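1. Here is the input, now give the coordinates:
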Amino acid sequence: MGKLGKIVLASVAGFVTGILVAPKSGKETRADLKVKADEAKVKAEAKKEQVTKAAKEGVESFKKGATKVEKEAHGFAKSAANSGRVMRDEAARLAEEAKVRAGRAQKDVQQTSKAVERDVKRNVK
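-> Model prediction:
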């Protein structure tokens with residue numbers, strides 16, 4: 001039993017002992033006990049309502065938070081997918097540009113090779 005439970009138990013025991021040794025008749029004591037029990041019942045109902053309300057608010061807050069996280073995660077995934085698409089498009093564009101440049105370089109090499117061959121033939125003659 002926790003510290004709070006011990007305190008509550010001691011308080012109840014002290015209350016009951018005080019009532020039993022009080023200089024009142026049995027009828028008066030029973031009436032006092034009934035009044036105190038009714039008061040405790042009303043307080044317990046009020047606490048129950050507070051706890052129920054707090055629990056409902058907590059659940060609603062959790063749901064809203066979970067929904068917000070879900071939306072943010074969905075947005076992040078969508079953004080990542082778009083970024084991936086953009087990167088693929090850029091990679092395809094760069095690959096095409098590399099092919100074009102490689103073709104130009106090949107032509108330049110062929111032209112230079114032919115020019116060198118001509119120069120060599122001229123110098124050999």
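2. Okay, helices next: where are they in this structure?
-> For the chain, the helices defined by DSSP state H cover 3-21, 26-124.
3. Same list, those, but as CSV with mean neighbour count and mean pLDDT please.
-> Heads up, the C-betas are built off the backbone N, CA and C, glycines and all. Formatted as CSV, these follow (neighbours: other C-beta atoms under 10 Å; pLDDT from 0 to 100):
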stretch, mean neighbour count, mean pLDDT
helix 3-21, 10, 77
helix 26-124, 10, 84
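4. any idea how far Arg101 is from Ala115?
-> The gap separating Ala115 from Arg101 is 21 Å, by C-beta to C-beta, to the nearest Å.
5. Any figure for the gap between the most centrally placed residue in the chain and Gly5?
-> With distances taken as C-alpha atoms, centre = their mean, the chain has Val69 as the residue nearest its mean C-alpha position (5.1 Å). Distance of Val69 to Gly5, given as C-beta to C-beta: 38 Å.
6. now do Thr52
-> Distance from Thr52 to Gly5, by C-beta to C-beta: 22 Å.
7. do the same with Glu90
-> 67 Å.
8. cool, and Lys107?
-> Distance, Lys107 to Gly5, using C-beta to C-beta: 92 Å.
9. Same check on Lys36?
-> Using C-beta to C-beta, Lys36 is found at 20 Å from Gly5.
10. Repeat that for Arg30.
-> Arg30 is 27 Å from Gly5, by C-beta to C-beta.
11. Glu97 now?
-> Distance of Glu97 to Gly5, given as C-beta to C-beta: 77 Å.
12. Next up, the contacts around Gly103.
-> By C-beta atoms under 8 Å, 6 or more residues apart in numbering, the contact list for Gly103 is empty.
13. Ok, Arg88 next?
-> For Arg88, the contact set (C-beta under 8 Å, 6+ apart) is empty.
14. Distance check, it against Thr67.
-> Taken as C-beta to C-beta, the span from Arg88 to Thr67 is 32 Å.
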